[in-house]
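[1] here is my input, please return the structure:
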Amino acid sequence: MLLITILFISVIQVAIPFLIKRTVVFGVTIPYEQASHPMLQSYKRKYAILTFLVGITVMISYILGNQSAMEETKLVLFGMISLFVVLLTSLSLYFYFHYKTMNLKKREEWFRGVKQVRVADLALRSKDEMLPSYVHLIPSLITVMLIILSAQLFDQLPNQIPTHWGPNGQPDAFTDKSWMSVISLPLILFIFQTMFFGINYYTKRSGIKLNAANVTSAKLRQLRLRKYTSWFLFITNILLTILFSFLQLNLLYENLFNDSVLMLVPFAFFAIILAGALGLAIKVGKVDSDLEGTLVMDHTKKQDSIDEDRYWKGGLIYYNPNDPSIFVEKRFGIGYTINLANPIGYLILFLPVALILLIQFTI
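    The predicted structure follows:
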């Protein structure tokens, strides 16, 4: 599983510069007509090659470690370190090329003489195919049933109940029986389901930002991003419900599933999530990006979108008090990030994390 994760992260990191929208390069806003600038293309290739080499080196090292007599615990630790090496290396390379792109933009004064405008299409909302937010609350009915079932079987459970299962499918950590320890999994699941509802609801209400120089491709990208992100979120919700229900039933009914099933279900969950994330990246990333092909200008070269670099810290963190949107498209990656200037965003993302940690500490 760790090897698959390292491979997936490496592939995604290599591909990201070519999947993000053309008017953003390493988190820096550029005029649409500069998307094919030879220096920018060189930065992207160098980033991809260096990230690829690091990913290959890390995977080979992990495979060799797996074939050696290394203990399982040490091998898992080595795999986690290898994963962080890939992520930290790609992040370091990102910041390096981020500042090189900023300096190139400043030195060549790309926005000098270019009229910066905002483009809005009021009819675009009617074409939005995002799923309705209430669908994320439907799986919560299963969660309620799990809590009721757990309460009915509480007296029949042993005084020590498992809280963690090892790679072999056998429990390797236990805790004293209490109401919180018995229903903690359904409670955490319900928090996730509520969070998914909030993310979908406020993403649906967030603004649809269009590229003033290429409105046609920008519309298609935004519609795809919204549609497939909502579907990915819903599928994740369903899979989490299945996984948590499986774990809870295994807790309530001892030996309900054999060891092979206990190992297979989490692996299948993980594999489907990764496949979905890859599908989302491809579906969205092949529009209004380097994969789309030839640049097509919808407007004169003297007109382009607003340069919003001042609202992006390092091209990754968005803080714009003037933007009512809670979620906006990422500048490096596929999907959405939060507008940290809007307090509702903190409630949607950070409050659930705090509640889950509180549940864990009370067990």
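
[2] mean confidence for the helix or strand encompassing residue 57?
    Using DSSP states H and E, residue 57 maps to helix 38-67. Helix 38-67 carries an average pLDDT of 89.

[3] so which bits of the one helix or strand residue 92 maps to are buried?
    Assigned by DSSP H and E, residue 92 falls within helix 72-108. Of the residues in helix 72-108, 78-79, 82-83, 85-86, 89-90, 93-94, 97-98, 100-102, 104-105 count as buried by neighbour count, 16 or more other CB atoms under 10 Å. The C-beta positions use only the backbone N, C-alpha and C, and glycine is treated the same way.

[4] following it, which helix or strand comes up?
    Taking DSSP H and E, what comes next after helix 72-108 is strand 115-117.

[5] so what does the residue lying closest to residue 305 once chain neighbours are set aside look like in phi/psi?
    Leaving out its chain neighbours, the residue that sits closest to residue 305 by CB to CB, 6 or more residues apart in numbering is residue 212, at 4.5 Å. Per-residue torsions, residue 212: phi -70, psi -20 (degrees, to the nearest 10).

[6] who's in contact with stretch 243-250?
    142-143, 146, 150, 165, 185-186, 188-189, 256-257, 262, 265-266, 269 (CB atoms under 8 Å, 6 or more residues apart in numbering).

[7] can I have the buried ones of those as a PyMOL selection?
    This is the PyMOL syntax for the buried subset of these, where burial follows 16+ other CB under 10 Å:
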select buried, resi 142+143+146+150+165+185+186+188+189+257+262+265+266+269
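
[8] let me know the closest of the contacts of stretch 243-250 to residue 312.
    Nearest to residue 312 among the contacts of stretch 243-250 is residue 188, at 32.6 Å by CB to CB.

[9] so how far is residue 326 from the nearest residue to that closest one once chain neighbours are set aside?
    Closest residue to residue 188 apart from its sequence neighbours, by CB to CB, 6+ apart: residue 356 at 5.4 Å. Counting by CB to CB, to the nearest Å, the gap from residue 356 to residue 326 is 21 Å.

[10] show me which of those two is the more surrounded one.
    Per other CB atoms under 10 Å, whichever of residue 356 and residue 326 has more neighbours is residue 326, with 26 against 16.
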